[in-house]
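Participant: Structure for the following, please:
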Amino acid sequence: MASLNAENITLFSELYLKQEVISQVYSHVGSYTGANNLIEKTTKGSPKSKFFSFTYVPEYMKTEVSVPKLWTEKTFPSVNGYAIQINNPWSVDDYLRQQNKKQRENINRARRRLETCFDINYKVFQHQIQEEEYHFLMEQLRTMIMRRFEQRGQKSSTMAIWDQVLATSFELMKQKKASLFVIYDKDSPIAISFNYIYDRILFGYISSYHLDYGKFSLGQIVIYKLLEWCLQNKFSQYDMGWGDLEYKKWWCNKIYRFNHQICYQKYSISGFLFACFKGNRSRLLAFLISKRVNIYWKILKKKLKRDIKIPSLSPSYRFMEISLEETEKFNEINLAEKNLPITKQIINNFLFSTQEHSNNVTLHSTDTKDQYILKGRKSARLVVFNPVNQ
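Facilitator: So this is what the prediction gives:
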């Protein structure tokens with residue numbers, strides 16, 4: 001089966017990236033509730049491939065084969081998708097109050113704390129973005145993704161098609177078919193989300209945040225602000241895509257099914273066999289995921305890797321209470337220095353725990369090795385480091 005000349009397309013994330021290939025088979029792709037056709041580019045002449053595999057096709061998307069006499073289309077069930085369907089003119093807080101009161105309180109607390117500790121502003125970019133700014137933000141997003149996956153010891157599937165996304169997305173933003181949402185601390189991006197726009201549906205495609213701000217629940221704040229933007233701009237749905245993650249389950253009010261659609265030339269035995277093999281494999285994988293087999297497999301792999309001990313690359317630390325009066329005798333260290341004895345993440349964790357503002361923080365040395373003081377207007381903490389790998 002692997003030797004067959006087949007086009008493999010992840011429809012929901014590559015709908016704009018591979019228009020010419022998709023139009024070899026489909027004349028129309030769009031939601032059942034919308035009249036707009038998301039296929040604009042058409043390919044004339046005979047298709048280059050005899051088999052087309054379209055994964056991650058939302059069940060609420062309607063596809064129309066361009067030449068029904070030529071193609072047979074087979075549909076197989078796949079994994080679940082998670083979305084927020086916007087039916088009423090409620091606010092995000094109203095929605096969260098209905099969905100999960102405790103999570104609403106947690107998210108609002110994190111958002112208030114973020115805005116208390118930093119000079120935060122939020123911005124959505126579409127056609128108004130300049131190309132230089134676009135490339136800067138996309139490079140920042142790429143760096144955030146790489147750092148997060150390095151921290152996890154994993155590889156990002158997004159990086160495999162990053163160059164293609166980068167080459168096409170600026171023009172899509174100009175056409176209002178994509179957007180960038182950015183959270184800034186002063187002028188520095190700390191969280192970025194790249195999203196596709198399918199008619200009145202916002203598809204949250206690629207998001208990441210700066211690890212130094214990990215305590216502030218930036219991922220949840222991104223969803224909160226994007227949903228708020230969807231409400232303001234009269235979108236019908238904010239789609240979080242696939243992935244059985246807990247945060248998607250309590251955010252969503254709509255669980256739908258993705259399908260795997262396979263098109264092959266009529267009366268083709270090899271096409272029929274190809275469809276049966278690929279489609280039933282998707283059906284099986286979806287069943288295993290529904291039974292959490294993938295989660296158990298990841299847990300097993302982690303246990304098997306425990307024999308290989310990877311040394312810690314940085315020392316651990318802890319905060320200890322210290323009065324403001326005790327800090328007066330210690331010398332201040334300039335936070336503008338390049339080689340500070342503590343990281344930006346430690347400073348931000350201090351801000352999170354004390355709710356001080358970043359503009360009011362100072363760093364001080366002490367008479368003891370591997371101990372420093374972070375001081376704000378209202379409180380101070382002694383930062384005590386432990387030796388590496390101890």
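
Participant: quick check, residue 280 in a helix?
Facilitator: Yes: according to DSSP: H, G, I helix; E, B strand; the rest coil, residue 280 belongs to a helix.

Participant: which residues in the stretch 251-390 of the chain form helices?
Facilitator: According to DSSP state H, counting those that start in this stretch, the stretch 251-390 of the chain carries its helices in the segments 269-290, 293-304, 344-354.

Participant: tell me the mean pLDDT for the second one?
Facilitator: Here helix 293-304 scores 67 as its mean pLDDT.

Participant: same thing with the last one?
Facilitator: Computed over helix 344-354, the mean pLDDT rounds to 95.

Participant: Next, the buried residues of that helix.
Facilitator: Buried residues in helix 344-354, counted by 16 or more other CB atoms under 10 Å: 346, 347, 348, 349, 350, 351, 352, 354. C-betas here are computed from N, CA, C, even on glycine.

Participant: In the stretch 1-150 of the chain, what residue spans correspond to strands?
Facilitator: With DSSP state E, counting those that start in this stretch as the criterion, the stretch 1-150 of the chain has strands at 6-10, 26-31, 51-58, 61-65, 71-85, 120-125.

Participant: whoops, the stretch 201-350 of the chain was the one
Facilitator: Ranges of strands within the stretch 201-350 of the chain are 201-209, 237-242, 254-265, 317-322, 332-333, based on DSSP E, counting those that start in this stretch.

Participant: which regions of the stretch 1-150 of the chain lie under the pLDDT threshold?
Facilitator: 1-4, 34, 41-46, 89 (pLDDT under 70).

Participant: returning to that earlier point: point out the most buried one among the strands of the stretch 1-150 of the chain.
Facilitator: Looking across the strands of the stretch 1-150 of the chain with neighbours counted as mean count of other CB atoms under 10 Å, the highest average goes to strand 51-58: a mean of 22.

Participant: neighbouring strands for that strand, and are they parallel or not?
Facilitator: When pairing is defined by DSSP bridges, strand 51-58 lines up against strand 6-10 (parallel), strand 254-265 (antiparallel).

Participant: now residue 182: how far from residue 218?
Facilitator: 11 Å (CB to CB, to the nearest Å).

Participant: Go ahead and confirm residue 332 touches residue 364.
Facilitator: Yes: assessed by CB atoms under 8 Å, residue 332 is found in contact with residue 364 at 5.4 Å.

Participant: Show me which of those two is the more surrounded one.
Facilitator: residue 364 (18 against 12; other CB atoms under 10 Å).

Participant: what bridges to that one?
Facilitator: residue 332, residue 373.

Participant: one step back: residue 182 and residue 218: which is more packed in?
Facilitator: Comparing residue 182 with residue 218 by other CB under 10 Å, the one with more neighbours is residue 218, at 24 against 20.

Participant: With adjacent residues omitted, what lies nearest to that one?
Facilitator: residue 209 (3.9 Å; CB to CB, 6 or more residues apart in numbering).

Participant: got it, and residue 131?
Facilitator: The spatial neighbour of residue 131 that comes closest, neighbours along the chain excluded (CB to CB, 6+ apart), is residue 170 at 6.1 Å.

Participant: ok, so what distance separates that neighbour from residue 192?
Facilitator: 15 Å.

Participant: count of neighbours near residue 300?
Facilitator: Neighbour count of residue 300, defined by other CB under 10 Å: 10.

Participant: next one: the one 4 residues further on
Facilitator: By other CB under 10 Å, 9 other residues sit near residue 304.

Participant: for residue 205, same thing?
Facilitator: 17.

Participant: what's the neighbour count on residue 191?
Facilitator: Other residues within reach of residue 191, judged by other CB under 10 Å, total 25.

Participant: repeat for residue 267
Facilitator: 8.

Participant: cool, residue 275 as well?
Facilitator: 23.

Participant: can you check residue 244 too?
Facilitator: Residue 244: 15 neighbours (other CB under 10 Å).

Participant: Then residue 329?
Facilitator: 9.

Participant: now the one 4 residues further on
Facilitator: The number of residues packed around residue 333, counting by other CB under 10 Å, is 16.

Participant: give the contact list for it.
Facilitator: Residues near residue 333 by CB atoms under 8 Å, 6 or more residues apart in numbering: 340, 341, 363, 364, 365, 372.

Participant: Fine, thanks again, bye for now.
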